[in-house]
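would you be able to build a 3D model of this:
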Amino acid sequence: MRIYHNQLGTTLNSNLKPVWLIFGDEPWQKNDSLVQIKSFAQQQGFSEIIRFSVDEKFDWQRLVEEYQSLSLFASQRIIEIELVTGKIGDAGSKTLVKLTEQLHQDVLLIFHGPKLDAATQKRKWFKALEQQGIHLPIYDMESKQLQQWLQRQARQQNINLHPQVIPMLVELFEGNVPALAQELEKLSLLFGQQQITVDDAEQLIIKQAKFNPFQLIDALLTGNTTKCITILDQLQHEGTAASQLIWFIHKEIQQLFTMLEQMQQGENINSLYKQFRIWEKRKPFYQYALTNITIENIRHAQARLAQVDLISKTSSDFNPFILLADVCLSLFHGQTLSQLPLSYEYN
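Residues are numbered from 1 along each chain as shown. Next comes the predicted model:
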């Protein structure tokens, strides 16, 4: 059974399954899920926790022996297994499949680790565990989901946020949920149930949004050029290499070019989604891009990106992040920007 983080409380109250699978890269939701599950289990009498960290050298017999042993300290136990890479090999796969055949209610198995790819989730061991328990995939929260999360957290902590404060917090902390959670705790301590205005928040909050190149691409696909510039600015301050971003942007622009060419030749967009392995969640991004970006603008952006790559390798007179902002704008406003040279310092 698969659920999402906002369904966890209800699911725990209805059925404490013997197996829990928590995988993903967003740290706050992942940690909160583990805390909720273990806290609820401890209230039901699972007073002992045994932890294993699994890497390529792990002896799976240790897990089997622990599961089958009788504890000297508690009749009900939690065994927490961190899969460091998500890859468990043949020995791990066989062990876990066999273990699912002897599950009982006195031992709770909690598996967690980084995000698992689709192929891993289709493997026999994972499907066997999922069939016996709960799979809770952890996804990064985009603006809409983050706003909903923020509103829930504020209600739970009795924090009275002025409506205008919510979008401000989302913009400042998008991509850094742990920092936002800490900021809410601080606001709760300082203001209690007093309403927090925009002026109050601005005086206290330091911008702590944390972005990655994948979020830059998503903003680019949806035509949110303002967000592209914000992300580029943040990545520059974090020390991200411009060459890394050039690679990401080049790869995406080339794929868009190929997709648009095939659409002009009569290819169905759903066939393209399948061919390029576009996830369901990202299909609306590509729908927007393929509808609003022209072949001509892609060619222009490709040429600008090639110039940025050359300039970044041969000159220190220009800020490559400003030049990359130009490339992002070119995808949607290429005809306007074509008259403006990248060598802005000498014009």
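
what residue spans form the domains of the chain?
Domain assignment for the chain, taken from automatic domain parsing, gives 5-138, 143-204, 213-346.

quick one: distance of the last one to the chain centre.
Mean C-alpha position of domain 213-346 versus that of the full chain (Cα atoms, centre = their mean, to the nearest Å) differs by 21 Å.

what is the mean pLDDT for that domain?
With pLDDT averaged residue by residue, domain 213-346 scores 87.

one step back: could I get the domains of the chain as JSON lines with mean neighbour count?
Where C-beta positions appear, they are placed from N, C-alpha and C, glycine not excepted. Below are the domains of the chain laid out as JSON lines (neighbours: other Cβ atoms under 10 Å):
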{"stretch": "domain 5-138", "mean neighbour count": "16"}
{"stretch": "domain 143-204", "mean neighbour count": "16"}
{"stretch": "domain 213-346", "mean neighbour count": "16"}
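
which residues touch stretch 81-101?
The contact list for stretch 81-101 (Cβ atoms under 8 Å, 6 or more residues apart in numbering) reads 19, 23, 51-56, 58, 60-61, 63-64, 67, 109-117, 120, 123-125, 128-129, 131-132.

again, only this time at 6 Å
Residues from elsewhere that reach stretch 81-101, judged by Cβ atoms under 6 Å, 6 or more residues apart in numbering: 52-55, 60, 111-114, 116, 120, 124-125, 128, 132.

so which one among those has the lowest pLDDT?
For pLDDT, the smallest value among the contacts of stretch 81-101 belongs to Asp55: 88.

ok, that one to Leu12 distance?
From Asp55 across to Leu12, the span is 30 Å (Cβ to Cβ, to the nearest Å).

okay, and Pro163 sits in which element?
Under DSSP states H and E, no helix or strand contains Pro163.

who's in contact with it?
Going by Cβ under 6 Å, 6+ apart, the list of residues near Pro163 is empty.

report the separation between it and Glu66.
For Pro163, the distance to Glu66 (Cβ to Cβ) stands at 51 Å.

give me the most central residue, the protein.
Asp140 (2.8 Å; Cα atoms, centre = their mean).

ok, it touching Asp25?
No - using Cβ atoms under 6 Å as the test, Asp140 is too far from Asp25 to be in contact (7.1 Å).

helices or strands up against the helix or strand hosting Gln182?
Assessed by DSSP H and E, Gln182 sits inside helix 177-191. Using 3 or more Cβ pairs under 6 Å, 6 or more residues apart in numbering; DSSP states H and E, the elements in contact with helix 177-191 are helix 27-43.

can you name the next helix or strand after the helix it packs on?
Immediately after helix 27-43, counting by DSSP H and E, sits strand 48-54.

chain center to that next one: distance?
26 Å.

residues making contact with whatever helix or strand comes next after it?
For strand 48-54, the following helix or strand on the C-terminal side (DSSP H and E) is helix 60-68. Residues from elsewhere that reach helix 60-68 (Cβ under 6 Å, 6+ apart): Ile50, Ala91, Gly92, Thr95, Val107.

show the pLDDT at the third one.
The predicted local distance difference test score for Gly92 is 94.

tell me which element it falls in.
helix 89-99.

quickly run through the sheet partners of the following helix or strand past that helix, with directions.
Per DSSP H and E, the first helix or strand lying C-terminal to helix 89-99 is strand 107-113. The pairing partners recorded for strand 107-113 under DSSP bridges are strand 19-24 (parallel), strand 77-83 (parallel).

which of those strands sits closest to Tyr288?
Smallest distance to Tyr288 across the strands paired with strand 107-113 (Cβ to Cβ): 25.4 Å, for strand 19-24.

only alpha carbons, please: show that closest one as PDB.
The C-alpha coordinates for strand 19-24 follow below in PDB (Å, rounded to 0.1, in the frame of the first residue of the first chain):
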ATOM      1  CA  VAL A  19       6.600  -3.200   7.400                       C
ATOM      2  CA  TRP A  20       7.200   0.400   6.600                       C
ATOM      3  CA  LEU A  21       9.200   1.700   3.600                       C
ATOM      4  CA  ILE A  22      10.300   5.400   3.700                       C
ATOM      5  CA  PHE A  23      12.400   6.400   0.700                       C
ATOM      6  CA  GLY A  24      13.200   9.900  -0.600                       C
END
